[in-house]
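got a sequence here, can you model it:
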Amino acid sequence: MTTATASSAKGTWSIDASHSEIGFKVRHLVVTNVSGKFNKFDGSIEAINDNFNDAKISFTADVNSINTGDEARDGHLKSDDFFNAEQFPTISFKSTSVQHVSGNDYKIVGDFTMRDVTKTIELSAEYGGIMVDPWGNTKSGFEVIGKINRSDFNLKWNVMTEVGGAVVSDEIKIHINAELAKQA
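Predicted structure coming up:
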């Protein structure tokens, strides 16, 4: 493998789903985290500059592909208590700003839509670089993290424990590992 030059960032990139993961964590019973992911998703980046600064990012996840490792919980998450997958089958994100902060760190701001609500959120990203794979394909990678408040997006199910803690917290941590393939 060879490292591609920085100038090869400019162009259109699509997410390589077989080498990427879209995950989340949420506090359960105040004492632990429950993790999940979406098995079906799609995304692209239009890199305007050679360093991904001011890139345009578009992303969707199929709510029906949610996987927490528990079929009953996944069914509950697809219900109207949470995502209402029947009426709102996708979660989407469109960037409004991508800024290089320093080193490999970027700040991504954009419109996040879940259910019937769109809100501006901020994500942090660590750029992994650009590489040409053994088959001549140019690849790039980012690790993206952020947080949202689920009640801001009408994920309304809420039960309290006997001591007053939430069974499911409002804060959801987002964690994305994205490998991107440059389009010819």
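
which residues in the chain form helices?
71-78 (DSSP state H).

so where's it shaky on pLDDT?
Residue ranges of the chain with pLDDT under 70: 1-7, 28-31, 157-169.

for residue 141, see how far away the residue lying closest to residue 97 once chain neighbours are set aside is.
Closest residue to residue 97 apart from its sequence neighbours, by CB to CB, 6 or more residues apart in numbering: residue 109 at 4.3 Å. From N, CA and C alone the C-beta is placed, and that goes for glycine too. Relative to residue 141, residue 109 is positioned 20 Å away (CB to CB, to the nearest Å).

quick one, which of these two is more surrounded?
Using other CB atoms under 10 Å, the more surrounded residue of residue 109 and residue 141 is residue 141, with 17 against 13.

hang on, that one packs against residue 176?
No: using CB atoms under 8 Å, residue 141 is not in contact with residue 176; the gap is 10.6 Å.

what sits against residue 14?
Contacts for residue 14 were tallied using CB atoms under 8 Å, 6 or more residues apart in numbering; they are 42, 43, 44, 180, 181, 183.

was I right to think the first one contacts residue 22?
No: contact status for residue 42 versus residue 22: not in contact, 10.2 Å apart, counting by CB under 8 Å.

mind checking which of the two has more residues around it?
Taking other CB under 10 Å, residue 42 and residue 22 do not tie; residue 22 has more neighbours (23 against 14).
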